[in-house]
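Trainee: Sequence and predicted model, in that order:
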Amino acid sequence: MKEMNPIIDTFLIRLHERLEQYETTDPEIIAELKNILKLWPEVPSSGKLPSPQGSPVAKYLDIALSLGDTGSESSLAAAIRPLAPFLHWTFGYPPHPLHPNLESQVSFTQIIGPDDLGMADRLLIGLTLLAPETFYPAHMHPAVEIYIPIGGIGIWSKGNEQPTAKAPGTMILHQSGIVHTTASKLDPVLALYIWRGDLITSSKFITD
Ligand SMILES: [Fe+2]
């Protein structure tokens, strides 16, 4: 476990810097970043032994990180790359009635949480990875979520807003309970998420 600490430490230092330095005029994002930073002292660097788990989607991680190397989140992409061998990829949703192959197109991995590489009780920090040409359909969860796109350009939508292409450099806020979607085009999309609030209730597809 000891050898993991420098990798997690570096990741957390880079992420903390990014959260502190992010410039936006969006008052809701400013407020949420403050909330996350308030909880930051509770995030130590040591966690449980990693138990890596692959996914059909994980093969796109390297491509997505390479896309991230030349973008606004290159320092986060560099901090994520050494974590790759330790990541535990999951899907976690029941089968979707309209999108039967999602498990091979979307995958998630937690890095920081109550039972993860780094331990925290009140924040979840992880990655969402979309294969090329993927639609991650409408879903919602009670946790407040900040997304930091790392590599690839996703098409993001929430509530009644028009879907919008967002490159690395722009953070995305999903307030508690808002329905949201993400899509990829020719490239995979890698984005870092931070959950705060209700971390127990999982995300659910909205199929109505
Ligand atoms: Fe979400």
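Mentor: Looks like it arrived, so ask away.
Trainee: pull the longest helix from the chain.
Mentor: Ranked by number of residues, the top helix in the chain under DSSP state H is helix 4-21.
Trainee: how about the helices in the chain?
Mentor: Remark: helices assigned in the chain by DSSP H are 4-21, 27-39, 61-69, 74-80.
Trainee: isn't residue 71 right up against residue 153?
Mentor: No. Under the criterion of Cβ atoms under 8 Å, residue 71 is not in contact with residue 153, lying 9.3 Å apart. From N, CA and C alone the C-beta is placed, and that goes for glycine too.
Trainee: If we ignore the residues flanking it in sequence, what's nearest residue 188?
Mentor: Among residues not flanking residue 188 along the chain, residue 60 sits closest, at 3.8 Å (Cβ to Cβ, 6 or more residues apart in numbering).
Trainee: Now do the one you found: how many residues are near it, please.
Mentor: By other Cβ atoms under 10 Å, 24 other residues sit near residue 60.
Trainee: distance between stretch 195-208 and the chain's centre?
Mentor: Its chain's C-alpha centre and that of stretch 195-208 lie 14 Å apart, by Cα atoms, centre = their mean, to the nearest Å.
Trainee: Stretch 102-109: which residues count as buried?
Mentor: 102-103, 105-109 (16 or more other Cβ atoms under 10 Å).
Trainee: which stretches of this structure have low pLDDT?
Mentor: The model of the chain has pLDDT under 70 over residues 1-3, 49-50.
Trainee: ok, residues contacting stretch 189-197?
Mentor: Applying Cβ atoms under 8 Å, 6 or more residues apart in numbering, the external contacts of stretch 189-197 come out as 15, 32, 35-36, 39, 60-61, 64-65, 67-68, 76, 80, 122-130, 134, 141-154, 172, 176, 182.
Trainee: Kindly apply the preceding question to stretch 128-135 instead.
Mentor: Contacts of stretch 128-135 (Cβ under 8 Å, 6+ apart): 56-58, 60-61, 64, 89, 99, 102, 104-109, 136, 147, 152, 154, 181-193.
Trainee: Which stretches in this protein count as strands?
Mentor: Ranges of strands within the chain are 106-113, 118-119, 123-130, 135-140, 144-151, 154-158, 164-166, 172-174, 180-183, 189-196, 204-205, based on DSSP state E.
Trainee: what packs against the second one?
Mentor: When you say that, I think you mean strand 118-119. Using 3 or more Cβ pairs under 8 Å, 6 or more residues apart in numbering; DSSP states H and E, the elements in contact with strand 118-119 are strand 106-113.
Trainee: The strand it packs on vs strand 123-130, what angle?
Mentor: 160 degrees (axes from the mean of the first three to the mean of the last three Cα atoms, to 10 degrees).
Trainee: Would you pull up how far strand 106-113 lies from the middle of the chain?
Mentor: Taking Cα atoms, centre = their mean, the mean C-alpha location of strand 106-113 is offset from the chain mean by 7 Å.
Trainee: and that strand, what does it pack onto?
Mentor: helix 4-21, strand 118-119, strand 123-130.
Trainee: OK, contacts around the closest residue to residue 43 other than its chain neighbours?
Mentor: For residue 43, ignoring the flanking residues on the chain, the nearest one in space by Cβ to Cβ, 6+ apart is residue 120 at 4.5 Å. Residue 120 makes contact with 39, 42-44, 112-114, according to Cβ under 8 Å, 6+ apart.
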